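1. pasting the sequence and the predicted model now:
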Amino acid sequence: MRNIAIAIHGGAGTITEATLTAAQDKAYRAALKEAVEAGHQVLAGGGTALEAVEHAVTNLEDSPLFNAGKGAVFTKEGKHEMDAAIMCGKTLEAGAVAGVRSIRNPIKLARTVLEHSDHVLLSGYGAEEFARTYQLAFESEEYFFNSFRYKQWAEVRDSNIFLLDHTKKIDEKFGTVGAVAVDMNGDIAAATSTGGMTNKNYNRIGDSPLIGAGTYANNATCAISCTGHGEFFMRAVVAHDVSCLMAYKGYTLQQACDEVVMQKLVKLGGEGGLIAVSAAGDIALPFNTEGMYRAFKKNNDAAQVGIYKEM
Ligand code: ASP
C-alpha cells in the first residue's frame, strides 16, 4: 500500500520556550494535533489529498489561536483581510482568494474557485460576490475580534510598522496556517490561509495566495505551504523554487527545501519556513526562525507535533 501522510503548520517566527507559557504551549499542541488528526482521518477514509488539506486548514481557521479565519490579524484600518490558496498536484488546478473580508473560511472559498471558476485568483469584492453565489458562510466583525490581536495592532497602528505575526516586537506568536498531504493514490495537494501581517496596508496581498510563492503542488515533485515574511517569499518564489530544484536538478525533497529556506531565503533576509510532502510520502518541515508551529502524521504512526527546534 502507498504511504498516506499529512503535514500542517500554524506559522513560523520568534517562538521559543521562553516566549510561550506552559498553558499556551499546551493549547497550541492540542490545536495542531486536532487539525492534523482531522486531515489524516480524511486520507485514512480514502479521501483525496485536496479534501484533506482543505479540511485541516478549515479546522485551523476556526481556531482563534492562529492568524487565519477567526484569528486573523488587523490591517492598518483596523479590519481583517484574508488570503488563501489551494492547489491539486495531480491536475495542477488551483484556486485562490486575496483580500477577502468577512468570509468564515477563506480556504473553502479558494476551493470553490478551484472547482467552479475559470480563474485562479479572485480578490476583494469579486471574491466575496463569488462566495455569495456559492452560499459560503459570512461572519460579522465581532466574530473576527480578538482582544490580543487588537492589542497587537494598537501598539503599531499609528506607525508605518507592519508586523509578521511572530516577530520579536510582540510577545505572543500566532500564525498563518497551511497543510500539505499525499493520499492513497499518490496524489498530493497544498493549502495555505492567512490574515497576513498586523498593520499591513489595506489591500496588501502576501505570498500565501500566490501560486508558486506561498503555495504550490505538483505530483511530479512536491506540495508546499509557506509561512513567513511574504514579501521575501514572493521575491524568492519559494514554493515553486523548491519544486524546480527537484524537477531540474534531481534534488531530494529535503535538499531542495534546505537550499531554498536555509540558504536562499536567509541570504535575502527572509524569515520563515514551509511544510512539504512528496508523492512518495517524504516530509520536510524546514524553518530559519526560532520556531514553527507544525505537526505531521504518516500512515498509522502517531502524530508528531513540534513548536521549537525539537524535532
Ligand atoms: N506569509 C504571510 C504573509 O506575508 C504571513 C505569515 O506567514 O504569517 O502574508
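-> Structure received. Residues are numbered from 1 along each chain as shown.

2. ok, E37 - contacts?
-> Under the criterion of C-beta atoms under 8 Å, 6 or more residues apart in numbering, the neighbours of E37 are K297, A303. Just so you know, the C-beta spots here come from the backbone N, C-alpha and C atoms, and that holds for glycine as well.

3. now do the SS call for it.
-> helix (DSSP: H, G, I helix; E, B strand; the rest coil).

4. any idea how far it is from V261?
-> Separation of E37 from V261 (C-beta to C-beta, to the nearest Å): 26 Å.

5. get me the contact residues on the chain for the ligand.
-> For the chain, the residues found near the ligand under the criterion C-beta under 6 Å from any ligand atom are 11, 67, 164-165, 175-176, 194, 196-197, 206-208, 214, 227-228, 230.

6. most surrounded residue in those residues?
-> T176 (37 neighbours; other C-beta atoms under 10 Å).

7. may I have the beta-bridge partners of the nearest residue to that one once chain neighbours are set aside?
-> Among residues not flanking T176 along the chain, T194 sits closest, at 3.8 Å (C-beta to C-beta, 6 or more residues apart in numbering). Using DSSP bridges, the beta-bridge partners of T194 come out as D83.

8. please shift the residue numbers so they start at 7 in all later answers.
-> OK, 7 is where the count begins now, so the last one is T200.

9. T200 contacts M88, correct?
-> Yes: with contact defined as C-beta atoms under 8 Å, T200 and M88 form a contacting pair (6.7 Å).

10. any shared contact partners between these two?
-> With C-beta under 8 Å, 6+ apart as the test, T200 and M88 both reach A74, A78.

11. where does the protein have its least confident helix or strand?
-> Every helix and strand in the chain was compared by mean pLDDT, DSSP states H and E; the lowest is helix 153-160, with a mean of 74.

12. next SSE after it?
-> Next helix or strand after helix 153-160 toward the C-terminus (DSSP states H and E): strand 183-188.

13. which residue ranges form the helices in the stretch 107-256 of the chain?
-> Ranges of helices in the stretch 107-256 of the chain, per DSSP state H, counting those that start in this stretch, are 112-122, 130-139, 147-150, 153-160, 236-241, 244-255.

14. to A104, which of the ones you listed lies closest?
-> Among these, helix 130-139 comes nearest to A104, with 7.3 Å by C-beta to C-beta.

15. what's the angle from that closest one to helix 112-122?
-> On the basis of axes from the mean of the first three to the mean of the last three C-alpha atoms, to 10 degrees, helix 130-139 is oriented at 80 degrees to helix 112-122.

16. show me what helix 130-139 is packed up against.
-> Packed against helix 130-139 by the contact rule (3 or more C-beta pairs under 8 Å, 6 or more residues apart in numbering; DSSP states H and E) you find strand 100-106, helix 112-122.

17. can you rerun that using 10 Å?
-> strand 100-106, helix 112-122, strand 127-129 (3 or more C-beta pairs under 10 Å, 6 or more residues apart in numbering; DSSP states H and E).

18. quick one: mean pLDDT over the first one.
-> The average of the pLDDT scores along strand 100-106 is 97.

19. pLDDT (mean, whole number) over stretch 57-74?
-> If you average the pLDDT over stretch 57-74, you get 96.
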